[in-house]
Every structure is written in C-alpha cells, then in structure tokens.
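**Q** test case, fold it:
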Amino acid sequence: MTNSYDIAGVPIPDYGAAYAGVRVRTTELIRAATPAQHETIAAATPEWRVRDVLAHLAGVPADVLAGRVEGIASDAWTAAQVERNRRTPVEDVLDEWAETSATVEPMIADFGTMAGQAITDAATHEHDIRHALGAPGARDSDAVLIGSVWCAQWMGATVAEGTAGPLRIETDLWSHTFGSGAPGTTLTTSAFELLRAATGRRSADQIEAYGWSGAARVDAVVLRIFVPRATAFTG
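**A** Got it, this is the predicted structure:
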C-alpha cells in the first residue's frame, strides 16, 4: 500500500516497508556491534544506552499487539518498555522485534496519524543508535522522508497559528510552502536535518545556521514536545 500526504508533492512510500527498513538496518548495526557498544550511552537520548533505545523500539510493536496502549508515546509508556527488557539479552530483544513486527508492519498504514508518528519515532531512534555506534548512513531513507513530512505537517500548524507569515521549506526530498501567499521566509536544508531538528537533536544555533532566506524561525521547526539542544549535536 502506498500512502500520500496533501503536502510535499511527492508520493509517500509504503509505511510498513519503511518501518521494516528501519528495523532491518538497525538490527544489522546492533548485531555487528560489541557487547560494550550495546552499553554505550546514546548521546541523543542521554538517559538511554544503545540497548535501551533498542528496548523501546522493540517495545512499541510488542505493546501494540498486547493492547498496552494506555499513555501511548508518553515518558511512562516508553520507560516501561526499557525497564521490561533492561536485562534481556540483546539477541532476544532483536528476535522479539522481528517476530512482533511481522504482524504489525502490514498494519501500520491503517494507524491514521499514528502511522506517521510511528515511522518518525523509529527513524529518529535509528539515527540515535547510528550516532552512538559511529555508523552514519540511510539519511535519505523512506523513513526519513516520511518522518520529515510528518514533522512538517506540525510545523505547518505552528505557522498557521502565528503572525510571521508563510514559510517555505525546501529539502533534498520534498518542498512545500506553509501558509497562504508568498513566503516571507524560505528554509533550505536536508530532510534528515529537518527531522533531527524537529525532534530536538539540534541546537538553536545550528537551526539558525541552516539556509534561511529571511529571519530564522526556530520556533516553527522544533516540535512543541521538544526543545532545541543546549549545545551543538551532529548525530
């Protein structure tokens, strides 16, 4: 199944396949890593080790299938996933992720707005793990495309509520103008950078250093549930 948004001007790839891509790539990275690397703190999520980020990723489809969706996406919900697998061997967590995902992946497209959120979360944490393991890559993946567009929809809502006028965003994967009329400001950056900035993985100074035509609008880029990092971060 192919999904599309009303923005961006490009087809949005299949959600289930995009999620599977995150899972397969992340699984390969973690299986190639050493036990010591599994214990490495993921700097993008400073309270979690690599294995804790994995526990969260694997915990999402497990909770969906088990009906544990009260408080979904909250800090308490994700903390329970990490705690549940805190001492489980990494290989067992990877096996559980593969098993539950075989059922959940074909269902993701039917999750409504939560489908975009699920892909955004998975893509975000793939790159948190990549940074921790020193293994950058997949920065133009289908999941990054979906996640960046999903975040941009919320940016559009922020623009609509403000008084600073339309904002145009031009990335390597898609472009769109939010608001009516000629844009007063244009942001040019990669879809990957937009995704990382939106989810609190970039500082305000880094966001202001993007390609802005007009005044930088950090408040429109960072989703409201996040804040910019205090210091620069490149992962």
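**Q** could you use CA atoms for every contact and neighbour count after this?
**A** OK.
**Q** quick check: what element follows the helix or strand hosting W154 along the chain?
**A** Under the criterion DSSP states H and E, the helix or strand holding W154 is helix 142-161. Using DSSP H and E, the helix or strand that follows helix 142-161 in sequence is strand 167-170.
**Q** each with direction, which strands does the helix or strand just after that following strand pair with?
**A** Helices and strands here follow DSSP H and E; after strand 167-170, the next one along the chain is strand 175-178. The strands beside strand 175-178 in its sheet (DSSP bridges) come out as strand 167-170 (antiparallel).
**Q** quick one, helices of the chain?
**A** 15-32, 35-38, 50-66, 75-84, 90-104, 113-133, 142-161, 191-198, 204-208, 218-221 (DSSP state H).
**Q** could you pull out the buried residues of the helix holding W154?
**A** Taking 16 or more other C-alpha atoms under 10 Å as the basis for neighbour counts, the residues of helix 142-161 that come out buried are 142-156, 158-160.
**Q** related to what we said a few turns ago, determine which stretch of the helices of the chain is the most buried.
**A** Per-stretch averages of neighbours, counted by mean count of other C-alpha atoms under 10 Å, single out helix 191-198 among the helices of the chain, with a mean of 26.
**Q** how close does the residue lying closest to V53 once chain neighbours are set aside get to Q153?
**A** Nearest-residue entry for V53: H125, 6.8 Å, with adjacent residues in sequence omitted and distances by C-alpha to C-alpha, 6 or more residues apart in numbering. Applying C-alpha to C-alpha, to the nearest Å, the value for H125 to Q153 is 20 Å.
**Q** show me the domain layout of this protein.
**A** Partitioning the chain according to automatic domain parsing yields domains covering residues 15-133, 142-221.
**Q** residues contacting G235?
**A** Each residue near G235 by C-alpha atoms under 8 Å, 6 or more residues apart in numbering is listed here: 44, 127-128, 130-131, 136, 201.
**Q** mind doing that once more with 7 Å?
**A** Residues near G235 by C-alpha atoms under 7 Å, 6 or more residues apart in numbering: 127-128, 131.
**Q** Serialize those to JSON lines and add fields for pLDDT and distance to P228.
**A** Written out in JSON lines, the entries for these read as follows (pLDDT from 0 to 100; distance: C-alpha to C-alpha, whole Å):
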{"residue": "H127", "pLDDT": "98", "distance to P228": "17"}
{"residue": "D128", "pLDDT": "98", "distance to P228": "16"}
{"residue": "H131", "pLDDT": "98", "distance to P228": "18"}
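**Q** still on that earlier bit, let me have the helices of the chain in a markdown table, extended by distance to T171.
**A** Formatted as a markdown table, these follow (distance: least, C-alpha to C-alpha, whole Å):
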| stretch | distance to T171 |
| --- | --- |
| helix 15-32 | 19 |
| helix 35-38 | 33 |
| helix 50-66 | 27 |
| helix 75-84 | 31 |
| helix 90-104 | 30 |
| helix 113-133 | 17 |
| helix 142-161 | 9 |
| helix 191-198 | 5 |
| helix 204-208 | 14 |
| helix 218-221 | 13 |
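**Q** out of those helices, nearest to A230?
**A** Proximity to A230, assessed across those by C-alpha to C-alpha, is greatest for helix 204-208 (7.8 Å).
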